[in-house]
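A.B. asks: show me the folded form of this:
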Amino acid sequence: MGWSQFRKTGLTHHGFGSVKGYTLVSPMMGEDTCLIDMSGQVVQRWRFEGFRVIYSRLLPGGNLLTLAADASIPTPVMAPDQVPTFEQHVRMQGGGATHLLESDWDGEAVWRYENPRIHHDFVRLANGNTWLPEIIELPEDLARVVRGGRRERGKHAAMISDDFIEIDAKGKELRRLHLWQLLDPRHDPICPLEARTSWTHTNSLDVTKDGDILFSCRHNSRLGIIDSKTGALSWKYGAPNVHHQHHATALANGNVQIFDNGMHRPGMSASAIVEVDPKTNETAWRYVGSPESQFFSGHISGAERLAGGNVLIAEGTSGRLFEVTRRGEVVWEWISPFIATRGDGQKISWVFRAYRYSLDDPAIAGRELDPARHRELNRAYGLSE
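C.D. replies: Sure thing, here's the model as predicted:
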């Protein structure tokens, strides 16, 4: 789906069968995270001046955990014949962050973790520890045997991949998993249309009910589960079943839900939400647009399984959030009115992900959630009823 600066924004549809609650949305590359009600109006707002937000999640106690990049650090602009340093290469990666910020309900900072190599995602555990992906430089001998990717003449940046790190509440590293030791450089090749500068490009992490690590990698269209006890890869999935996917999540029934972006797939590009049984690799459920190409986001994006089976979808590049039933009926739709500016000056309406919190969720229970408190903001963005 494309987007226009002149399109209708805010709530565009609210039908029968939606899961009632409040939706957390962070305009990607902006300074805000907002909680909106079912009518699409802002009821709570957190502001992060000096940062470019990637996305946020509410913790059970009502604090907000936000992945963000220091806005004072520019994205490097390289001459055609210039080879970036490793640190410059890191800053050039989409989804790159520098901080994980924890704020209370009123927006006051309560904790932060700083690391210029973290990116895309995080998982806060019940014990207070946090998992994050971190960019690392591949050993040169391994990089040489990684297959695929677009080969270019001349010197180029060293190939990068990912580690997964677990940190405690003080930011101390407790554990590190090397993804590049678990995938196969020959059988998990880089997409031939991507540059040979990044092998994996992890874009999501999750933890299963057994404590195992579920990950998604865009550049080689691979997903997997790492056994938490042994550190071994217990499941691997990917192309040709999904292409450049994002946001793999572990469901309560043991299956995995995936936002399949569908980029660089054979035929017409189109996105899909896919539920896969990792025991059999069989597709348990699938949502596509009607026609298929009507639903498409080439990168970013996410999907959250809601109570009762509905799915909240963030069609990231258009800023469109919509909720579908198991029958594929769209029962709620909201178009983001928030426009951010990228480092290159381009205007975007991107939403990396969105999350719905039910009315009795402990993160919001007992809070004052009145859009009248943000009347001016709602009016400014055309969200008032």
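A.B. asks: distance between the ends of stretch 289-305?
C.D. replies: Length of stretch 289-305, first residue to last, C-alpha to C-alpha, to the nearest Å: 18 Å.
A.B. asks: tell me the mean pLDDT over that stretch?
C.D. replies: When pLDDT is averaged over stretch 289-305, the result is 95.
A.B. asks: which outside residues touch that stretch?
C.D. replies: 1, 28, 94-95, 204, 218, 244, 246-247, 249, 251, 257-259, 261-263, 268-273, 288, 311-318, 328, 350-356 (C-beta atoms under 8 Å, 6 or more residues apart in numbering). C-beta: built from backbone N, CA, C; applies to glycine.
A.B. asks: can you pull the buried residues of it?
C.D. replies: Residues of stretch 289-305 classed as buried: 289, 295-297, 299-305 (neighbour count, 16 or more other C-beta atoms under 10 Å).
A.B. asks: repeat that for stretch 355-375.
C.D. replies: 355-357, 363-364, 371, 374.
A.B. asks: just how off-centre is it within its chain?
C.D. replies: 23 Å (C-alpha atoms, centre = their mean, to the nearest Å).
A.B. asks: swap in stretch 133-153?
C.D. replies: 23 Å.
A.B. asks: now do the strands in the stretch 1-150 of the chain.
C.D. replies: With DSSP state E, counting those that start in this stretch as the criterion, the stretch 1-150 of the chain has strands at 10-14, 21-27, 32-36, 42-47, 51-58, 64-70, 99-103, 109-114, 123-124, 130-137, 148-150.
A.B. asks: could you list the low-confidence segments of the stretch 1-150 of the chain?
C.D. replies: 1-3 (pLDDT under 70).
A.B. asks: verify the contact between I165 and N129 for me.
C.D. replies: No - contact criterion C-beta atoms under 8 Å: I165 and N129 do not qualify, at 10.3 Å.
A.B. asks: more neighbours: which of those two?
C.D. replies: I165 (18 against 15; other C-beta atoms under 10 Å).
A.B. asks: tell me the bridge partners for the more buried one.
C.D. replies: L132, R176 (DSSP bridges).
A.B. asks: from P116, how far off is it?
C.D. replies: For I165, the distance to P116 (C-beta to C-beta, to the nearest Å) stands at 13 Å.
A.B. asks: now swap in Q181 and tell me
C.D. replies: Relative to P116, and taking C-beta to C-beta, Q181 is found at 23 Å.
A.B. asks: between the two, who's got more neighbours?
C.D. replies: Taking other C-beta under 10 Å, Q181 and P116 do not tie; P116 has more neighbours (17 against 11).
A.B. asks: any idea how far T66 is from the more buried one?
C.D. replies: The value you get for P116 to T66, if C-beta to C-beta is used, is 16 Å.
A.B. asks: over to K236?
C.D. replies: From K236 to T66 the distance is 31 Å (C-beta to C-beta).
A.B. asks: who has more neighbours, those two?
C.D. replies: More crowded of K236 and T66, by other C-beta under 10 Å: T66, with 22 against 16.
A.B. asks: what's near enough to touch that one?
C.D. replies: 26, 33, 46, 48, 51, 53-56, 100-103.
A.B. asks: so for A79, which of the strands of the stretch 1-150 of the chain sits nearest?
C.D. replies: For these, the distance to A79 is smallest for strand 148-150, at 19.3 Å, taking C-beta to C-beta.
A.B. asks: quick one: contacts of stretch 273-283?
C.D. replies: With contact meaning C-beta under 8 Å, 6+ apart, stretch 273-283 is reached by 225, 235, 237, 241-242, 251, 254-260, 284-287, 303, 311, 313, 324.
A.B. asks: give the buried residues for stretch 205-212.
C.D. replies: Buried residues in stretch 205-212 (16+ other C-beta under 10 Å): 205-208, 212.
A.B. asks: now do stretch 334-354
C.D. replies: In stretch 334-354, the ones that count as buried by 16+ other C-beta under 10 Å are 334-340, 348-354.
A.B. asks: just stretch 373-385 next, same as before
C.D. replies: When burial is assessed from 16+ other C-beta under 10 Å, stretch 373-385 yields the following buried residues: 374, 377-378, 381, 383-384.
A.B. asks: ok, the buried residues of stretch 205-212 vs S39, which is closest?
C.D. replies: D206 (30.4 Å).
A.B. asks: who's in contact with that closest one?
C.D. replies: Neighbours of D206 in contact, by C-beta under 8 Å, 6+ apart: 123, 213-215, 248-250.
A.B. asks: is it within a helix or a strand, and which one?
C.D. replies: strand 202-207 (DSSP states H and E).
A.B. asks: given that strand, what are its sheet partners and their directions?
C.D. replies: Strand 202-207 sits in its sheet next to strand 213-217 (antiparallel), going by DSSP bridges.
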